[in-house]
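# Quick one, fold the following:
(one chain, ligands or ions: 1)
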Amino acid sequence: MELKNTRNVDQYVFGSGAVKQLGGVLKTRFYDLRPCCVYCVDSFFEGSDLLGRLPISSNDQVLFINTVDEPKTTLIDSLVEKIISQSKGDIDCVIGVGGGIVLDVAKAIANMLTNDGPAQDYQGWDLLKHPAIYKIGIPTLSGTGSEASRTCILTNVEKGIKLGMNSDYTLFDQLILDPDLTATVPREQYFYTGMDTYLHCMESLRGSYRNAIVDALSQKAIDLCREVFLSDDMQSAQNRERMMIASYFGGCAAGNVGVVHPLSAGLSVALGTHHGIANCIVMNVMDEFYPSEYKEFVAMKIKQNVDVPSAVCADLTPAQYEQLFASSICHEKPLKNALGENFRDILTKEKMISIFKRM
Ligand code: ZN
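Next up, the predicted model:
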């Protein structure tokens, strides 16, 4: 097997108050040329004092990204069209400020500003023809690993798929990792999103497709998650710092997932459940597949006094159960990673529906 050539994010600034360095980072990169920047900002921050701390100039555009729904390819197309029509010159830089959804939108926009055609043409592996616009990621929520990954997940309604633009061009060029920015995240959301790191890494380590560097990063990310979620205050300054590092390591590792993510994707497709909370709903019934991690997950949930919804799939129509099954079993690679070539014999339709009924 050919060994993969791996790229990571080129540069990062890490630490409390790091966001103040954005102006200096831009100056170093563009000298005094006053770059034309596009800021993609989570609409949660509209009207907040965070905007006043960003070096936004009259050349720049600020787009507020709504995170009610996960991003669609058509959203990217319309945003790119809007950016080009409103631009006073060439765009030099795209800056994403937000959680996984906003970071993914920023990455996709930067890709589409240099690659022709609709966004859906580039969903898949290494389809982008040209390097993206220089882009900076400023996460305000930790856990998805989007800040460090080489993909941006988009829903393609026409084709009925959820797939990223997997490419080295999708990676951010620069990160500003400031744990102060996650201080205002609501507790539940902080837990659900943070658990995404724990689950990515746990599924990767329990699978059969392995890589020594991915294993080492995953192990460290899990250790950090344990420190965070088994402590008294998961959102203390030190724990927000730990969680930001864990998310970054998890994103760099981006190993192969297992049983949790396919079933979670089923919930997202069939019921519109957001990724982080969907993962936790699935993990709540994973006693059979991941017994020790299930116990640890329950301990973390109790320690943090966080509720994970139950009975979400207790009373659905036969058509909905069919859809849950179909949109989970289609994720062959992770299911093979976790259960082997014969995963369909283990996760039969009957078995899978009985698992969903417990959620
Ligand atoms: Zn995930």
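# in this structure, which spans are helices?
22-30, 73-86, 100-112, 187-205, 212-229, 237-253, 260-271, 275-283, 291-304, 318-329, 332-339, 343-346, 349-358 (DSSP state H).
# For the fifth one, buried residues please.
Right, helix 212-229. By 16 or more other C-beta atoms under 10 Å, the buried positions in helix 212-229 come out as 214, 217-218, 220-222, 224-226, 228-229. Using the backbone N, CA and C atoms, a C-beta is placed for each residue, glycine as well.
# I'd say residue 206 and residue 286 touch.
No. With contact defined as C-beta atoms under 8 Å, residue 206 does not reach residue 286; the gap is 10.7 Å.
# where does the protein have low pLDDT?
Scanning the chain with the threshold set as pLDDT under 70 gives 1.
# what residue is smack in the middle of it?
residue 144 (3.3 Å; C-alpha atoms, centre = their mean).
# Look up how far residue 40 lies from that one.
Remark: distance between residue 144 and residue 40 (C-beta to C-beta, to the nearest Å) = 15 Å.
# Can you report how many residues lie near residue 65?
Applying other C-beta atoms under 10 Å, we find 25 residues neighbouring residue 65.
# got it, and residue 49?
The burial count for residue 49: 7, using other C-beta under 10 Å.
# mind checking how far it is from residue 181?
12 Å.
# Just give the closest residue to residue 249, not the sequence neighbours.
Counting by C-beta to C-beta, 6 or more residues apart in numbering, residue 221 is the residue found nearest to residue 249 once chain neighbours are left out, at 4.2 Å.
# residues in contact with the one you found?
197-198, 201, 246-247, 249-250, 253 (C-beta atoms under 8 Å, 6 or more residues apart in numbering).
# do that again at 6 Å, thanks
With contacts defined as C-beta atoms under 6 Å, 6 or more residues apart in numbering, the neighbours of residue 221 are 197, 201, 246, 249-250.
# rewinding a little: to residue 171, which of the helices of the chain lies closest?
Set against residue 171 and scored by C-beta to C-beta, those come closest in helix 100-112, at 8.0 Å.
# Could you check the closest one and say which residues are buried?
Quick answer for helix 100-112 (16+ other C-beta under 10 Å): 100-112.
# any idea which of those is closest to residue 328?
Using C-beta to C-beta, these come closest to residue 328 at residue 100, 20.7 Å.
# who's in contact with the closest one?
Residue 100 touches 144, 146, counting by C-beta under 6 Å, 6+ apart.
# follow-up on the earlier one: turn the buried residues of helix 212-229 into TSV, columns for distance to residue 326.
What follows is the buried residues of helix 212-229, written out as TSV (distance: C-beta to C-beta, whole Å):
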residue	distance to residue 326
214	30
217	33
218	30
220	36
221	32
222	31
224	36
225	32
226	35
228	35
229	33
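# so how far is residue 225 from residue 196?
For residue 196 relative to residue 225 (C-beta to C-beta), the value is 10 Å.
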